[in-house]
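> All I have is the shape, not the residue letters:
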């Protein structure tokens, strides 16, 4: 493929040393947040003791808190952050819409609708039981959106996919509200999941969604060069050898795998998929080969930072991570829009 597709002109203005140095800094921040996530909570544990408990289980209550609760929760948070950050960047790239987020394909609405069915009609009450329902709902919603967007001449264009996703989201949202209003018990169980939380998530949840997250991540990273070509326009993309139809189908599959698995694991979490790609592009420029790796780091950083903050601000209680990301993400996104012009994708 041409070097023009691989390296967009706007990206050349950025110093090359900035990008790898930024990745190293991101790794350092993420390691720090992992330590804080294991140490901070209703029961604070010094970092030195956290490391001791990880090396050996002495049977103490602190060891049980670290090994059985906080480390699994932290690992799930990292996985969810990677999935949401990367799926947001992929969504914005494939639709060429800087305001798109993973919900635009109806993925989160499909997952939520399936969880409502599981709770209201099948009696599922364990959050670990929601996982497969949520993932199946996300997949079915994505297939429906792509089928609707592909109807007629011209196939699945970014505008058609966005419109089909918006219509699907509206229909599924009406269904969700109807079921939860008619069944108060379902509403009580569903509202805790819907707000987005890492509390109570263990390694079983990660094992269930992990293969899908890994497959979606590898698929997304492999599409970076083709997406660079498509960003120059459909005609130019074809001239540079990009297969538009195949790239969009594979991108839709990756978004479904990533966002579906993340939503299944932790519930719908807002603003991560919308904000993180903008932060990444502000650092790297528009080259997806750098935007995607940055999203892989910045997504978990935001999720873990929000989770730790939620444990501190209302101690001894806890503010769910989905609430914190909305409270933090909205002002950050507004600041980005005000300080810099949103790049056209």
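Cool, the structure landed. All of these numbers come straight from a predicted model, not from anything done at the bench.

> where do the strands sit along this protein?
Using DSSP state E, no strands are found in the chain.

> Grab the nearest non-local neighbour of the residue nearest the centre of it.
Per Cα atoms, centre = their mean, the C-alpha nearest to the average position across the chain is that of residue 84, at 0.9 Å. Nearest non-adjacent residue to residue 84, counting by Cβ to Cβ, 6 or more residues apart in numbering: residue 272, 4.1 Å away. From N, CA and C alone the C-beta is placed, and that goes for glycine too.

> Help me confirm that the one you found comes into contact with residue 304.
No. Contact between residue 272 and residue 304 fails when scored by Cβ atoms under 8 Å: they sit 11.4 Å apart.

> Of these two, give the one with the bigger neighbour count.
residue 272 (31 against 25; other Cβ atoms under 10 Å).

> measure residue 95 to residue 102 for me?
Residue 95 sits 11 Å away from residue 102, going by Cβ to Cβ, to the nearest Å.

> With neighbour numbers in mind, choose between the two.
Taking other Cβ under 10 Å, residue 95 and residue 102 do not tie; residue 102 has more neighbours (32 against 21).

> Skipping its backbone neighbours, what lies nearest that one in space?
Residue 102 sits nearest to residue 259 (Cβ to Cβ, 6+ apart), 3.9 Å away.

> so who does that neighbour touch?
Applying Cβ atoms under 8 Å, 6 or more residues apart in numbering, we find residue 259 in contact with 83-84, 87, 102-103, 105, 107-108, 138, 273.

> when you check these against the helices, which ones overlap?
Members of the contacts of residue 259 lying in helices (criterion: DSSP state H): 83-84, 87, 107-108, 138, 273.

> Show me which parts of stretch 233-251 are buried, residue by residue.
Buried residues in stretch 233-251, counted by 16 or more other Cβ atoms under 10 Å: 237, 240, 242, 244, 247-248, 250-251.

> Wait, residue 202 touches residue 72, no?
Yes. Residue 202 is within contact range of residue 72, at 4.6 Å (criterion: Cβ under 8 Å).

> okay, residue 83: pLDDT?
For residue 83, the pLDDT comes out at 94.

> circling back to that earlier point, same list (the buried residues of stretch 233-251) but as TSV, adding distance to residue 268 and pLDDT.
Listed next are the buried residues of stretch 233-251 as TSV, based on distance: Cβ to Cβ, whole Å; pLDDT from 0 to 100:
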residue	distance to residue 268	pLDDT
237	32	73
240	36	74
242	32	75
244	30	79
247	27	86
248	24	83
250	24	90
251	21	89
